[in-house]
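Colleague: Next input, structure requested:
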Amino acid sequence: MHLQWRFVRSFSRAATSFPLPGLRIASMRRFFARMRRSYSTTGAVAHNREGGIIWADAGDQLPGPADQERQRQLSNRDIEAARTFHRVTAHSFTSVRTTPHTLDWDNRPLPYKIYPEAGAVALPRDLELSPVPALTAVRAAALVDSETPVDREAVARILFCAGGLTRSLTVDGQPYHFRAAPSAGALYPVEIYLAASEVDGLETGLYHFSPADLRLRGLRRGDWRMHLARSAGMRSSILEARAVLVISAIFWRSTWKYRSRAYRYCFWDTGTMLANVLAAANAEGLPAEVVTAFADDQVETLIGADGEREGIMCLVALGRTAPARAEWPELRPLELDTIPLSATEVRHPGLVRIHTESRLASSEEAREIAQARIESANLGKPGPETAPRPLEDEAGLGLGETILRRGSTRVFAREAIDASELATILAVSSSHPRIDFPRLTETYLFIHAVNGLEPGAYYYRRETGAFELLKAGDFRAQAGYLCLEQPLGADCTAMIVYMGDLERILAAFGNRGYRDAHLEAGLLGGRAYLAAYALERGATGLTFYDDDTSRFFEPHGAGMSPLLMIAVGVPRRRESSRDDAAW
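Modeller: A predicted model of the protein is given here:
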């Protein structure tokens, strides 16, 4: 039996009953009332509205109008685009003090994409999240040939673990609705679409997931697997999937605070969400594969994205069944209105350009990128190694409890943890995920207070689980400085630094590799989050001074660029450790 879509004429009426732990219905009613008042002057609904857009000033742009003709001639293989973007958006001691940016709280983007007239399907309200040990769910992967069926309840659990609302909090007078996966600045630019094929209890079609009310909004009827598979070079995992997640990012939500550098953060956020998605799929016994090589415009057309305001981050194939038929429904423009995110939108040309110049133009190009390989990293001379024994998976909490507990630690207690705990966090989080590109990142660490490991700077060997000492000593002050002078980097037990050789990555994958490297760092960081919280420790994501961090880890990490930092340790109990606004 399939649930049929029904049209919802009033979003506020549809969004006032919540099954989610920690959220009060009254607070959500007040939020949506404020949303209606705030946007009443901008029109009831909007679809690709141009009147509300302004462009960032020249201080935050890459080369502008004079280079427009050259920009049109660039392609994914013109890697100067990624080099330039990375250089222009790098943080330094000087840059953060000479390029001030004031947040316009009256123009803060709405954290939800709302289709007020789309048909809706309510997902189950009483969710029982998986009791499978979180460490097992993060570490393991369901068998590729598993044909475990997928039903509406399993979809609801996976979507909730990906982006469901877990609690609300007021920070500096501003309301925040925190979700299951962390997000830089708690801005949540990532959106999820579901192309359902064989999902028991759900009509075949394309849906948008609304975390605000735990509902699916119907966008298109029909089986769209063949269309998605063709965009990805006939990727078999998509062709045979029971459902495919299309994950996008609405850039303005993040650029409102972080400007062009937000492009990096959108891939961090996608990666941390993927860590939850893959763990939840594993707990359901469903094979899952992340696909990043696809023809962008074909996927954008399917979900109605324009590729500038909203871009596709990746696809996720869930489950396995008979391949899709050769034919698929006629693809017409998606003409569904959405509520404006804010009164005005600031567009950042640098971000638009790097996303444009990392696009893949065809199914053939997607296949070529998916088959590309990369030369092994040429790391410095090895140092003394220590390989602590990780804990058993049963030592941690269940996946559901871990996700509900997870937050972003605001203050660490400067207390030590055992080497076995840190070894567990790294071992569980570092295996290469089932994804269509090879390993791109390396793992470095600052270790401040770990029983059984000397304080110092380390390289982590994923193949053996060994910690290789690069520099001995107390580097709390340096770590705190490198993460933009935030006490979190100095007070934590250890700080993980994911790094990548961008020149090697770009040579192999073109500008697309820039996306992939940041996404991989986010995914590994998201797993580290889950592992730390499973062991009832804390974690938080941090940004950094780019070149200073690279120099610190030389000569071993020569040529490496930092991609993401994750601090782990013991939260100071009198402070809230469940606030994602720390990023």
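Colleague: Please give the element, helix or strand, for L169.
Modeller: Taking DSSP states H and E as the definition, L169 sits inside strand 165-171.
Colleague: what does Y207 give?
Modeller: Secondary structure (DSSP H and E) places Y207 in strand 205-210.
Colleague: What of L524?
Modeller: With elements delineated by DSSP H and E, L524 resides in helix 512-534, which encompasses its position.
Colleague: Pairing partners for the strand holding L169, with directions?
Modeller: Listed by DSSP bridges, the sheet partners of strand 165-171 and their directions read strand 174-179 (antiparallel).
Colleague: thinking again about what came up before, so for the strand holding L169, mean pLDDT?
Modeller: What strand 165-171 shows for mean pLDDT is 85.
Colleague: Keeping just the C-alphas, turn it into CSV.
Modeller: Listed in CSV are the C-alpha atoms of strand 165-171, where the atom choice follows Å, rounded to 0.1, in the frame of the first residue of the first chain:
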residue,chain,number,x,y,z
LEU,A,165,15.9,18.3,14.6
THR,A,166,17.1,17.2,18.0
ARG,A,167,16.8,20.3,20.2
SER,A,168,16.4,24.0,20.2
LEU,A,169,18.4,26.7,22.0
THR,A,170,18.7,30.4,22.2
VAL,A,171,22.2,31.7,21.6
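Colleague: So what does the residue lying closest to M499 once chain neighbours are set aside look like in phi/psi?
Modeller: Distances taken as CB to CB, 6 or more residues apart in numbering place M560 nearest to M499, at 4.1 Å, with adjacent residues excluded. Glycine gets a C-beta too; all of them are placed from N, C-alpha and C. M560 has phi and psi values of phi -90, psi 150 when expressed as degrees, to the nearest 10.
Colleague: again, but for Y481
Modeller: Taking degrees, to the nearest 10 as the convention, Y481 sits at phi -70, psi -50.
Colleague: hang on, it packs against Y545?
Modeller: Yes: at 7.5 Å, Y481 counts as touching Y545 under the criterion of CB atoms under 8 Å.
Colleague: In terms of packing, which of the two has more residues around it?
Modeller: Applying other CB atoms under 10 Å to Y481 and Y545 shows that Y545 carries more neighbours, namely 22 against 19.
Colleague: The strand holding Y207 - what's its average pLDDT?
Modeller: This predicted structure assigns strand 205-210 an average pLDDT of 97.
Colleague: helices and strands around that strand, which ones?
Modeller: Helices and strands touching strand 205-210, by 3 or more CB pairs under 8 Å, 6 or more residues apart in numbering; DSSP states H and E, are helix 152-163, strand 190-196, strand 215-221, helix 296-303.
Colleague: Quick one: closest of those to E375.
Modeller: helix 296-303 (26.6 Å; CB to CB).
Colleague: Which positions within stretch 341-349 qualify as buried?
Modeller: Buried residues in stretch 341-349, counting neighbours by 16 or more other CB atoms under 10 Å, are found at L341, S342, E345, V346, H348, P349.
Colleague: Whichever strand or helix holds the fourth one: how far from the chain's middle?
Modeller: What that stands for is V346. Taking DSSP H and E as the definition, one finds V346 inside strand 345-347. Distance of strand 345-347 from the chain centroid (CA atoms, centre = their mean, to the nearest Å) equals 22 Å.
Colleague: Could you give the average pLDDT over that strand?
Modeller: In this model, strand 345-347 carries a mean pLDDT of 93.
Colleague: Tabulate the buried residues of stretch 341-349 (a markdown table), appending distance to L274.
Modeller: Shown next, in a markdown table, are the buried residues of stretch 341-349 (distance: CB to CB, whole Å):
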| residue | distance to L274 |
| --- | --- |
| L341 | 24 |
| S342 | 27 |
| E345 | 27 |
| V346 | 28 |
| H348 | 24 |
| P349 | 28 |
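Colleague: between these, which is closest to R439?
Modeller: H348 (30.5 Å).
Colleague: And the closest one, its phi and psi?
Modeller: When read as degrees, to the nearest 10, the backbone of H348 gives phi -110, psi 110.
Colleague: Each with direction, which strands does the strand holding V346 pair with?
Modeller: In the sheet, strand 345-347 lines up against strand 53-55 (parallel) (DSSP bridges).
Colleague: before we move on, back to that, out of the buried residues of stretch 341-349, which comes closest to S429?
Modeller: Scanning the buried residues of stretch 341-349 for proximity to S429, where the rule is CB to CB, the winner is H348, at 31.4 Å.
Colleague: mind checking how far the closest one is from I354?
Modeller: 10 Å (CB to CB, to the nearest Å).
Colleague: ditto for L391
Modeller: Distance of L391 to I354, computed by CB to CB: 41 Å.
Colleague: The two: which has the busier surroundings?
Modeller: The neighbour count for L391 versus I354, taken as other CB under 10 Å, is higher for I354 (24 against 19).
Colleague: Touching, the more buried one and F85? I think so.
Modeller: Yes: checked against CB under 8 Å, the pair I354 and F85 is within contact range at 4.2 Å.
Colleague: which element is V246 on?
Modeller: Using DSSP H and E, the element containing V246 is strand 243-250.
Colleague: What is that strand packed up against?
Modeller: For strand 243-250, the elements it packs on are strand 190-196, helix 225-231, helix 262-284, helix 296-303, strand 310-318, judged by 3+ CB pairs under 8 Å, 6+ apart.
Colleague: Pick the most buried one from these.
Modeller: For those, average neighbour numbers computed from mean count of other CB atoms under 10 Å are highest in helix 262-284, which has a mean of 28.
Colleague: Tell me the gap between it and the middle of its chain.
Modeller: Worked out by CA atoms, centre = their mean, helix 262-284 lies 5 Å from the chain centre.
Colleague: and which of the buried residues of stretch 341-349 is nearest to R332?
Modeller: Using CB to CB, L341 comes nearest to R332 of the buried residues of stretch 341-349, at 25.0 Å.
Colleague: so how far is L103 from the closest residue to that closest one other than its chain neighbours?
Modeller: In space, and not counting its chain neighbours, L341 is closest to P109: 4.1 Å by CB to CB, 6+ apart. Counting by CB to CB, the separation of P109 from L103 is 11 Å.
Colleague: Of the two, which one has the most company?
Modeller: More neighbours sit around P109 than around the other of P109 and L103, counting by other CB under 10 Å; the figures are 20 against 11.
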